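Chemist: Pasting the sequence and the predicted coordinates here, then a few questions.
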Protein chains: 2
Amino acid sequence: MPQAKYFEMSEARSDGFLNIGEAAEASGVSAKMIRHYEETGLVPRAGRTVAGYRIYRASDVHVLRFIRRARDLGFTMKEIAALLGLWQDRRRASADVKRLATKHITDLDARIAELQGMRSSLEHLVHCCHGDERPDCPILDGLAGAGRA
Amino acid sequence: MPQAKYFEMSEARSDGFLNIGEAAEASGVSAKMIRHYEETGLVPRAGRTVAGYRIYRASDVHVLRFIRRARDLGFTMKEIAALLGLWQDRRRASADVKRLATKHITDLDARIAELQGMRSSLEHLVHCCHGDERPDCPILDGLAGAGRA
DNA sequence: ATCCACCTTCCCACCGTGGGAAGGTCAACC
DNA sequence: GGTTGACCTTCCCACGGTGGGAAGGTGGAT
């Protein structure tokens, strides 16, 4: 998979390769994270120039962009690995993808519900707090003990 | 602040102290996290028995419970440190607490909105996917490129 | 005296991301 | 051809919060 280590930078460039900074720019994934993804095996090892610079083709950038978008949708790394696998498997069943995505929606729903629960409890406390220079404060009292915070 | 290091365990117990496991049980904060909070300075160093066991009074447990509830409401450690400071400052103005809490609500709102954005984008894609044994899949296509994923 | 549950410290892991040091390279400009 | 500045390389460290586990010491009950 990875290209052998033979390109001069100039040669690579004229063959349409990008270095990591350019790939980062083009994909929206930081150079740091590109290296990280490589290290964790999410993406295959990049080709290198003779000087050791990583080089990327348009298709590699494409993959990175895919990852970026999946992260933007809140998929975990594991899920993204699975999605990438499906993406690159031309025999996949779309049902498999849909299942993954649907499960992720329920995960998102759970997180949203959790945050909304926090929000409403806190809202309640804030609502009870006069919020002036006096020290007595239902918010602190709520945290300190009494009820459903 | 921290008690000197003079108690036998039995003596401490008869004086109403709890060991870390009991304090964890009573506060809902794990022993691991209690030690962690101590190490990071969120709570003062606990007293010790001669054998080195940490010992906790009811008031310490009270503080831990406060922290627990604040975490349940999604406050960060920094915010909790601030809340604890206000809680223990009898000259506080409730307005300060309210400000902190209100800001936290807007943070929660931002996170909720972010997750809802993900949810709706993903929902859209899922909606478009027939989800059968065929390989073509709008979800993957969406991630791969075209539009607002 | 023995046993088991608990305590202690210490280090490592997760996930995703960023910062920065130390050293090598590329490209452009004079 | 040399200098310069932007970029690359690897390596380690940090964050938030939490957990796991090893190795060794104690508590309390039998």
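Modeler: Looks like it arrived, so ask away.

Chemist: what is the rounded mean pLDDT of the helix or strand where residue A:48 lies?
Modeler: Assigned by DSSP states H and E, residue A:48 belongs to strand A:47-48. The average of the pLDDT scores along strand A:47-48 is 93.

Chemist: quick one: strands adjacent to it?
Modeler: strand A:54-56 (antiparallel) (DSSP bridges).

Chemist: one step back: close to DNA strand C, is the strand holding residue A:48?
Modeler: No - for strand A:47-48 and DNA strand C, the contact criterion (CB under 7 Å from any atom of the strand) is not met; the two come no nearer than 10.1 Å. Placement of C-beta: from N, CA and C, glycine included.

Chemist: Domain-wise, how is chain A divided?
Modeler: A:1-76, A:93-149 (automatic domain parsing).

Chemist: now those domains as TSV including mean neighbour count and distance to DNA strand D?
Modeler: As requested, the domains of chain A are exported to TSV (neighbours: other CB atoms under 10 Å in any protein chain shown; distance: least, CB to the nearest atom of the strand, whole Å):
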stretch	mean neighbour count	distance to DNA strand D
domain A:1-76	16	2
domain A:93-149	17	12
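
Chemist: can you list those domains in CSV and add distance to residue B:102?
Modeler: Shown next, in CSV, are the domains of chain A (distance: least, CB to CB, whole Å):
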stretch, distance to residue B:102
domain A:1-76, 26
domain A:93-149, 6
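
Chemist: related to what we said a few turns ago, how far off centre is the strand holding residue A:48?
Modeler: Relative to its chain's centre, strand A:47-48 lies at 24 Å (CA atoms, centre = their mean, to the nearest Å).

Chemist: again with stretch A:132-149
Modeler: For stretch A:132-149, the distance to the chain centre is 38 Å (CA atoms, centre = their mean).

Chemist: for it, what is the average pLDDT?
Modeler: Computed over stretch A:132-149, the average pLDDT equals 78.

Chemist: residue contacts, residue A:33?
Modeler: Applying CB atoms under 8 Å, 6 or more residues apart in numbering or on different chains to residue A:33 gives no contacts.

Chemist: measure it to residue A:68 for me?
Modeler: 9 Å (CB to CB, to the nearest Å).

Chemist: do the same with residue A:48
Modeler: For residue A:48, the distance to residue A:68 - CB to CB - is 23 Å.
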